[in-house]
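>>> Have a look at this prediction, sequence included:
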Amino acid sequence: MNLALDETQTLLEATVRGFLEREVPFDRIRSLERSGGHDETLWRAIAAQGWLALPFAESLGGAEGSLVDTGILVEALARRAAIAPILEAVAAGRILQEFGGEAGAALVRALLAGEALPVPALPEPGRRAGEVALSLEDGRLSGEKTCVDYGHVATHHLVSARIGGEPGLCLVEAAGPGVVCEPLRSLGRTPLCAVRYERAPARPLGPPEALAALVRVGRALAAVQCVGSMAESLDATVRYAKVRVQFGRAIGSFQAVRHHAANMAIRVAAARLLAFEALSALDAGSATDAQVALAKASASRAAPEVLMLSHQIHGGNGVIEENDLYFFTLRGKERSLAWGSAEECLAVAAESVAGPLDWF
């Protein structure tokens, strides 16, 4: 894949990053972290600017863009440590568009109009990513989901559950009867909750493939979020190494520091390539579970290494929260675990090793 952006994508990246630098001060992000909320002002702006509509069909109010375009937006938001449910809304919306029928299309329209916020609700207590125990019986759902991003501020949950014995998805109104959300404190300091469903009314959503499609989109975009955190941490480290003086010289002139920075840059570039290749394959309809899982595994494994090297070069200055570096360390580490850790994703990829391989 050629990672060079076309003219439209270059303009999108510059516009989004410029907007975020002007309109999303880090002091506001710190305040949101303390309150446990999300940036409603930014979220309304994302919808108003048409950025949220990028990967959706024009017939639903979308822009007929691609997931690669959306990846540019997601990376820019990650590079600002923005607290906005962009991954969750896009992943849920794409599934509703493809598998939700008329009801799903109506919910996508409401999402793009800023009137609804559907989010995935997949992880279960004590279970690995992708494992499903909840069952939908007689249109009612009972059980627990843990670590549901933005679950308590959402209007709808896309819940993974067994439907007729097969893993699938069902749609639940977050404010409906039998839905209890308990806010949690996350490593990334973004809104997170555990959800208990007590015979909550639920509607089956599409075939079993809908769940696999949701996981692929979520994992690919989570890999991009890791890349955004790493890239911003790398840039901050290079700036710091140019001005931090030790032994009468900028520390960036020392070979050991340069080696660390080079290793960081290599890991970021490799993770970005795999993440955007996965998004491109999703756009083309050729992505496999293994390809997306490997992209996420690469980003998940690189993130802690890059972020810790950044702290090593910053020294003591990197461990105080007055330094903005901590935003990307926390977010990057949390995103490296979301939608499957490196080990979980490598296990998914390993399942395809013994299968036939088409080299042409």
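Yes, it's here.
>>> Could you report the neighbour count for D289?
Residues within reach of D289, counting by other CB atoms under 10 Å, total 17. No exception for glycine: its C-beta is placed from N, CA and C like everyone else's.
>>> surely it meets S352?
Yes - using CB atoms under 8 Å, D289 is in contact with S352, at 7.4 Å.
>>> ok, so what distance separates the residue with the largest distance to the centre of the chain from H314?
Going by CA atoms, centre = their mean, the residue of the chain most distant from its centre is G248, 42.4 Å out. Separation of G248 from H314 (CB to CB, to the nearest Å): 20 Å.
>>> repeat for D27
21 Å.
>>> which of these two has more neighbours?
The residue with more neighbours, out of D27 and H314, is H314; 20 against 8, by other CB under 10 Å.
>>> which ones are touching the more buried one?
By CB atoms under 8 Å, 6 or more residues apart in numbering, H314 lies in contact with 237, 240, 323, 325.
>>> ok, and the most crowded of those?
Top of those by neighbour count (other CB under 10 Å): T237, with 26 neighbours.
>>> Using CSV, list the CA coordinates for the strand or helix carrying A91.
Using DSSP states H and E, A91 sits in helix 86-99. C-alpha atoms of helix 86-99 as CSV (Å, rounded to 0.1, in the frame of the first residue of the first chain):
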residue,chain,number,x,y,z
ILE,A,86,-15.0,8.2,17.2
LEU,A,87,-13.9,4.5,17.0
GLU,A,88,-17.0,3.3,18.8
ALA,A,89,-19.4,5.3,16.7
VAL,A,90,-17.8,4.5,13.4
ALA,A,91,-17.5,0.7,14.2
ALA,A,92,-21.1,0.5,15.4
GLY,A,93,-22.4,2.7,12.6
ARG,A,94,-20.7,0.7,9.8
ILE,A,95,-22.3,-2.5,11.1
LEU,A,96,-25.7,-0.9,11.4
GLN,A,97,-25.4,0.4,7.9
GLU,A,98,-24.4,-3.1,6.5
PHE,A,99,-26.5,-5.4,8.6
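>>> name the helices or strands packed onto that helix?
helix 67-79, helix 101-112, strand 118-121, strand 156-163, strand 166-173, strand 203-205, helix 209-243 (3 or more CB pairs under 8 Å, 6 or more residues apart in numbering; DSSP states H and E).
>>> tilt between the second one and strand 156-163?
Inter-element angle recorded for helix 101-112 and strand 156-163: 150 degrees (by axes from the mean of the first three to the mean of the last three CA atoms, to 10 degrees).
>>> Go through helix 101-112 and flag the buried ones.
104-105, 107-112 (16 or more other CB atoms under 10 Å).
>>> just the shortest one next, same as before
Residues L205 are the ones in strand 203-205 that count as buried (16+ other CB under 10 Å).
>>> from here on, count from 43
Done: numbering now begins at 43, and the last item shifts to strand 245-247.
>>> From the contact counts, what lies against that strand?
helix 128-141, strand 208-215.
>>> The ones you listed: which one's closest to V259?
helix 128-141 (4.6 Å; CB to CB).
>>> Give me the residues contacting that closest one.
88, 94, 97-99, 102, 109, 112, 115-116, 119, 146-147, 149-150, 153-154, 159-162, 191-192, 196, 198, 200, 211, 213, 247-249, 251-252, 255-256, 259-260, 263-264, 267.
>>> Ok, stretch 48-61 next?
47, 87, 91, 93, 110-111, 114-115, 118-119, 121-122.
>>> Show me how to select, in ChimeraX, the buried members of those residues.
For the buried members of these, the matching ChimeraX selection, counting by 16+ other CB under 10 Å, is:
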select :87,93,110,111,114,115,118,119,121,122
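>>> Pick out whichever of the contacts of stretch 48-61 sits closest to S340.
For these, the nearest to S340 is V110 (17.4 Å; CB to CB).
>>> Okay, the closest one and S342: tell me how far apart.
For V110, the distance to S342 - CB to CB - is 21 Å.
>>> again, but for A380
9 Å.
>>> of the two, who's got more company?
S342 (29 against 26).
>>> and of the helices and strands packed on strand 245-247, who's closest to A337?
Of all these, helix 128-141 comes closest under CB to CB, at 14.3 Å.
>>> re the thing from before, filter the contacts of helix 128-141 down to just the buried residues.
Using 16+ other CB under 10 Å as the threshold, 88, 94, 97-98, 102, 109, 112, 115-116, 119, 146-147, 149-150, 153-154, 159-162, 191-192, 196, 198, 200, 211, 213, 247-248, 252, 255-256, 259-260, 263-264, 267 are the buried ones among these.
>>> thinking again about what came up before, wait, which of the helices and strands packed on strand 245-247 is closest to K375?
Taking the helices and strands packed on strand 245-247 one by one with CB to CB, helix 128-141 is closest: 16.0 Å.
>>> A307: neighbour count?
16.
>>> Next up, the contacts around it.
Taking CB under 8 Å, 6+ apart as the test, what A307 contacts is L276.
>>> Tell me how far it lies from A313.
In terms of CB to CB, A307 sits 11 Å off from A313.
>>> Please apply the same query to L129.
16 Å.
>>> Quick check: V334 touching G260?
No - using CB under 8 Å, V334 makes no contact with G260, being 9.2 Å away.
>>> Can you mark which positions in the helix or strand hosting A335 are buried?
Counting by DSSP H and E, the element that carries A335 is helix 331-356. By 16+ other CB under 10 Å, the buried positions in helix 331-356 come out as 331-346, 348-349, 351-353, 355-356.
>>> going on from that helix, what's the next piece of helix or strand?
helix 367-379.
>>> okay if I get the helices and strands packed on helix 128-141 as CSV plus mean pLDDT and distance to Y239?
CSV is the format used below for these (pLDDT from 0 to 100; distance: least, CB to CB, whole Å):
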stretch, mean pLDDT, distance to Y239
helix 109-121, 98, 29
helix 143-154, 96, 19
strand 160-163, 98, 9
strand 198-205, 96, 7
strand 208-215, 95, 7
strand 245-247, 93, 13
helix 251-285, 97, 17
